[in-house]
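Q: Structural data only, the sequence is not supplied:
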């Protein structure tokens, strides 16, 4: 027989619940907790078929397009409207790693109006420190060589001045020879440099300069013979550093200087001889 709760017990239970904080009813009717199932199962959505499953959006990796250093150099050099712009383009050119180990960019020296433009090979230690081409022992030799025929980098008049630059504007580590790739990426800058200066004659000092301007080496065969480089009459000559190591070659160097002087007096002309 089911026992009934007395009104006194019901009132005591209500007071107890109020003391616990149960101050209001949530449902309209009391819920019999004994009638609820032990576990409430949530409805599970049916599994999607493989055809209904959409793959997650994936972004295909974009392969980096390799940069052609020579093409980049050509574009940068072509866009330089003057010497200052060309120097800035060289300084901003990121593809030649020689710039990372060099102290200074060695751009040029001398009178930009000079009839003679000397193109050397690459800076050495002294050039790297001072940021000027041909300032070491080889540079002193070069100055004496051209002073002997009445030319100087500090001259004010175009007929008596020389303008000097290098194939490479940065010093190679340990003064090693420039690599073919380094020469190739610097060639457009040298060609544009010649266009901006517009000299009457070019002197190619050493094998590296001949490689860049003529596409060939062998200075002992090339020296003394007029040719054409960068669209200008050009005379290959021994590098002053070579003359310091081989004093006997000064005889040939003097003959080349006299040939240069005679060409200047007669007028530059065009083409090779």
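A: Thanks, I have it. The shown structure was predicted, so the numbers you read here are calculated from the model rather than taken from an experiment.
Q: helices and strands around the helix or strand encompassing residue 190, which ones?
A: If you go by DSSP states H and E, residue 190 is part of helix 180-197. Using 3 or more CB pairs under 8 Å, 6 or more residues apart in numbering; DSSP states H and E, the elements in contact with helix 180-197 are helix 69-78, helix 83-92, strand 116-120, strand 162-166, helix 207-214. Glycine gets a C-beta too; all of them are placed from N, C-alpha and C.
Q: Check which helix or strand the residue nearest to residue 260 when sequence neighbours are not counted maps to.
A: Of all residues not flanking residue 260 in the chain, residue 235 sits nearest, at 5.8 Å (CB to CB, 6 or more residues apart in numbering). Here residue 235 sits within strand 232-237, counting by DSSP H and E.
Q: Now that strand: average pLDDT?
A: Per-residue pLDDT values over strand 232-237 give a mean of 98.
Q: I'd like the next helix or strand past it.
A: Heading C-terminal from strand 232-237 (DSSP H and E), you reach helix 240-245.
Q: burial of residue 106, as a residue count?
A: 28 (other CB atoms under 10 Å).
Q: The one 5 residues further on now?
A: The tally of other residues near residue 111 (other CB under 10 Å) stands at 20.
Q: What confidence value was assigned to it?
A: With respect to pLDDT, residue 111 scores 97.
Q: Could you check how far it is from residue 254?
A: Using CB to CB, to the nearest Å, we find residue 111 at a distance of 24 Å from residue 254.
Q: Adding mean pLDDT, mean neighbour count and distance to residue 227 as columns, could you present the helices and strands packed on helix 180-197 in CSV?
A: Output for these, formatted as CSV (pLDDT from 0 to 100; neighbours: other CB atoms under 10 Å; distance: least, CB to CB, whole Å):
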stretch, mean pLDDT, mean neighbour count, distance to residue 227
helix 69-78, 97, 17, 22
helix 83-92, 98, 16, 24
strand 116-120, 98, 27, 13
strand 162-166, 98, 25, 19
helix 207-214, 97, 23, 6
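Q: out of the ones you listed, nearest to residue 132?
A: strand 162-166 (8.4 Å; CB to CB).
Q: elements contacting that closest one?
A: Secondary elements touching strand 162-166 (3+ CB pairs under 8 Å, 6+ apart): strand 109-110, strand 116-120, helix 180-197.
Q: how much does that strand deviate in direction from strand 116-120?
A: Angle, strand 162-166 to strand 116-120, by axes from the mean of the first three to the mean of the last three CA atoms, to 10 degrees: 20 degrees.
Q: next one: strand 162-166 to chain centre, how far?
A: In terms of CA atoms, centre = their mean, to the nearest Å, the centre of strand 162-166 is set 23 Å apart from its chain centre.
Q: so what's the nearest residue to residue 130 once chain neighbours are set aside up against?
A: Nearest residue to residue 130 in three dimensions, chain neighbours excluded: residue 104, at 7.3 Å (CB to CB, 6+ apart). Shown in contact with residue 104 (CB atoms under 8 Å, 6 or more residues apart in numbering): 128, 129, 130, 131.
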